[in-house]
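Student: Quick one, fold the following:
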Amino acid sequence: MTPGVFLVLVEHGQARERAALGLLIPALQRVFPGANVRTVVVDNARAGEPDRAIDRTCDRVSGDNTLHEFSGWDRGLAWLDARCELKPESIVVLANDTVARADKRGWVQSLTADRARAAADGALVGWVEEYPREVEIFGLPLRHFIDTSLVIAQRRTFAALGPFARRPADGTFDDVFADDWHHFFREPSPLSENYRVYLRTYFFGERIDSDFDQRWYAHESIAGHNFDAFKAKLRCVFCEHLLSARARQLGIPLVDIRQHQPVIAAHPRVSVIIPCYNLGAYLDEAVESVLAQTCQDFEIVIVDDGSIDPGTQALLADYQRPKTRVIRIAHAGVSEARNVAIAHSTGAYLCALDADDRLEPTYLEKALRVLGQDPSLTFVSCWARLFGDEAWDWQPERCDLPALLCEDTVCTAALVRRDAVLAVGGFDTQIPIQGAEDWELWLTLVERGYRGVILREVLFNYRRRPGSLSTVSWYGSGHVPLTNYRLARHSESYRAHLSGVLLYQDTETAGYLRRNDELERYIGTELEPFVAAQHEELARLCARLSAATTTADAGAPAAEDSAKNDAAISRITELEATLHMVAAEALALRSSMSWRVTAPLRDVYGWWLRRRGQA
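Tutor: Residues are numbered from 1 along each chain as shown. Here you go, the predicted model:
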């Protein structure tokens, strides 16, 4: 399946426009066969001018050149999003017109299909450069970085990384610069010393570090008259380097467009994040189920959410397991704990496993295979087997928007693309009661256009225990506040999909009622008559035994009577055990999910029958 391909070309004037488009579009059509390359050209020299169609697949729009190609890319992507409804899996190519230069043209012409596939698999593809040693830029480590003449990735990847003209989180770029051009960089600096050395070498021609022998970028030395021009260029360099630093932080691999260069990624594919609050008694089971996976390309990040249970504290004080690390925070709730785990993880895919649940050994392998085969999918869920206080299989069929507006049909540990989770802000920490935060995440993702699928196989084991968050949120005091919160947060979706929601509810309720009818018939026509017959036999035996005991009191019982009494006692014991077993079966049937879910309907129906009988 060929994804949609969208090109944003940034230029400052149209001198190289024809050459750049003539180079890029044929190359993209070659590596994405059958793709119709939809193009928007952002001309930063045309601030405020109206949009203009170049041809039926290409438009020219105005930019403002605030941060050169970076503000231009933001403008172009916003234009495409508004008019073309890009999907998360759409391929987006960001370029500036310098790709038409002789020193870069060859690399575009030699773009290969495997590099295109890397972008479809979640990588950032372009010219990858590197510094001799790791540097730090605004608190983020960096060594390898993408030359932003050309960058190829999925829309969801850019959504996680953008906006491109984004300033540092704790200030502006201008905080970096000194007032005096002789010093250029302010002290203290959010840039590591070796990073400033590399920049001074590249821009000012200063030979400070022998390991970094880069050419001098500038056409003239820095002085008072060009101080502002150098600062303007450095602001763009910071945008370029922050793009790659954020990619590293998010676990997004960098792939060099040049064939002899390797993929810059030493990160596991999957990060299994496990929040743990006073659940040390179960944690080893959860971790062992991950370590037993047939796919071993993962890391495990446990967040101790301020546990106060002595057993959990002792276990996590020195928790040593393969591929596993523990982070400790003050108690903040499961949503915040998961977000902290995500921030400290590196995998391109996330699996949020609760500390008391377990995965089946082939889960990651099968989920990864599905996500790899279909880049339009964002998450993969599966069927679950409940254990502990309940024992039954959960087998949802759908995870589209109407279904998720009705109920959570996606398991907590569904495998999901990291960039999609980050694009929607992670797990909701404002939810009034913990226990439905995963439902909120899946609903928000699907509401934003992301898609998932449910594997029709039990690959997840979900523990039911008294006092768990899910029990409180589903059946306890948390149900009404959570429902009100969800209705308010997603009111537009409920209004837009009301008919679909009602049809889904009708279908699900009808299924539950049919199962309840079967249970009622079984209890009424088989279990209850059987129990009544057993009770009658038990009463007869007890009466016979009582009479025999009275006779025996009058004199010594005959051997034959004694044997009959022993047989009666044995049969009474057997009947009592059978009745106990049947009572347990009836209780289990009346405790089933369909019985509980339809309890309000049965109550209303019973009330109606009583009113009808009184009329």
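Student: any low-confidence regions in the stretch 1-150 of the chain?
Tutor: Along the stretch 1-150 of the chain, the model assigns pLDDT under 70 to residues 1-3.
Student: mind checking how far stretch 534-542 is from the chain centre?
Tutor: Stretch 534-542 sits 60 Å away from the centroid of its parent chain (CA atoms, centre = their mean, to the nearest Å).
Student: ok, residues contacting stretch 339-347?
Tutor: Defining contact as CB atoms under 8 Å, 6 or more residues apart in numbering, one finds that stretch 339-347 is touched by 251, 267-271, 273-275, 298-299, 301-303, 325, 327, 329, 332, 350, 418, 421-422, 426-427, 429. Any C-beta I mention is one placed from the backbone N, CA and C, and that applies to glycine too.
Student: Quick one: mean pLDDT for that stretch?
Tutor: Taken as a whole, stretch 339-347 has a mean pLDDT of 92.
Student: CA atoms only: put it into PDB for me.
Tutor: Coordinates of each C-alpha in stretch 339-347 appear next as PDB, following Å, rounded to 0.1, in the frame of the first residue of the first chain:
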ATOM      1  CA  ASN A 339       4.400   9.800  31.500                       C
ATOM      2  CA  VAL A 340       7.600   9.800  33.500                       C
ATOM      3  CA  ALA A 341       8.400   6.300  32.300                       C
ATOM      4  CA  ILE A 342       7.900   7.500  28.700                       C
ATOM      5  CA  ALA A 343      10.200  10.400  29.200                       C
ATOM      6  CA  HIS A 344      12.900   8.100  30.500                       C
ATOM      7  CA  SER A 345      12.500   5.500  27.700                       C
ATOM      8  CA  THR A 346      13.700   5.300  24.100                       C
ATOM      9  CA  GLY A 347      11.700   2.800  22.200                       C
END
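Student: how about it: buried residues?
Tutor: Neighbour-count burial for stretch 339-347, counted by 16 or more other CB atoms under 10 Å, picks out Asn339, Val340, Ala341, Ile342, Ser345, Thr346, Gly347.
Student: can I assume the last one sits in a strand?
Tutor: No: secondary structure assignment places Gly347 outside any strand; it is coil (DSSP: H, G, I helix; E, B strand; the rest coil).
Student: Let me know the helix or strand that the spatially closest residue to it that is not a sequence neighbour is in.
Tutor: Sequence neighbours aside, Ser271 is the residue nearest to Gly347 in space, at 3.4 Å (criterion: CB to CB, 6 or more residues apart in numbering). Using DSSP states H and E, Ser271 maps to strand 270-276.
Student: contacting residues around that strand?
Tutor: With CB under 8 Å, 6+ apart, strand 270-276 has contacts from 251, 283, 286-287, 290, 295, 297-305, 307, 312, 316, 334, 337-338, 341-342, 345-355, 364, 368, 415, 418.
Student: Direction included, what does that strand pair up with?
Tutor: Applying DSSP bridges, strand 270-276 is found paired with strand 298-305 (parallel), strand 349-352 (parallel).
Student: Run through the strands of the stretch 151-300 of the chain in chain order.
Tutor: Counting by DSSP state E, counting those that start in this stretch, the stretch 151-300 of the chain has strands at residues 254-256, 263-264, 270-276, 298-305.
Student: right, and those - which one's nearest Ser493?
Tutor: Proximity to Ser493, assessed across the strands of the stretch 151-300 of the chain by CB to CB, is greatest for strand 270-276 (27.0 Å).
Student: Number of residues surrounding His183?
Tutor: 10 (other CB atoms under 10 Å).
Student: ditto for the one 5 residues further on
Tutor: If you count neighbours by other CB under 10 Å, Pro188 ends up with 6.
Student: The strands of the stretch 151-300 of the chain: lowest mean pLDDT?
Tutor: strand 263-264 (a mean of 53).
Student: roughly how far apart are Thr312 and Leu279?
Tutor: Counting by CB to CB, to the nearest Å, the gap from Thr312 to Leu279 is 7 Å.
Student: Can I get the buried part of the contacts of strand 270-276 as one ChimeraX selection?
Tutor: Buried residues among the contacts of strand 270-276 (16+ other CB under 10 Å), as a ChimeraX selection:
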select :251,283,286,287,290,295,298,299,300,301,302,303,304,305,307,312,316,334,337,338,341,342,345,346,347,348,349,350,351,352,353,354,355,364,368,415,418
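Student: Save the strands paired with strand 270-276 as CSV, and put in distance to Asp43 too.
Tutor: Output for the strands paired with strand 270-276, formatted as CSV (distance: least, CB to CB, whole Å):
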stretch, distance to Asp43
strand 298-305, 45
strand 349-352, 39
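Student: Minimum distance to Phe530: which of the ones you listed has it?
Tutor: Minimum separation from Phe530 across those (CB to CB) falls at strand 349-352, 45.7 Å.
Student: Please point out which parts of stretch 9-27 sit buried.
Tutor: In stretch 9-27, counting by 16+ other CB under 10 Å, buried: Leu9, Val10, Glu11, His12, Arg16, Glu17, Ala20, Leu21, Leu23, Leu24, Ile25, Ala27.
Student: Show me those residues that map onto helices.
Tutor: Glu17, Ala20, Leu21, Leu23, Leu24, Ile25, Ala27 (DSSP state H).
Student: which one among the residues you listed gets closest to Val197?
Tutor: The shortest approach to Val197 among those belongs to Ala20, at 33.7 Å (CB to CB).
Student: backbone phi and psi for Val61, please?
Tutor: Per-residue torsions, Val61: phi -130, psi 160 (degrees, to the nearest 10).
Student: nearest residue to the most centrally placed residue in the chain other than its sequence neighbours?
Tutor: Against the mean C-alpha coordinate of the chain, by CA atoms, centre = their mean, the closest residue is Val416 at 3.7 Å. In space, not counting the residues next to it along the chain, Val416 is nearest to Phe379; the distance is 3.9 Å by CB to CB, 6+ apart.
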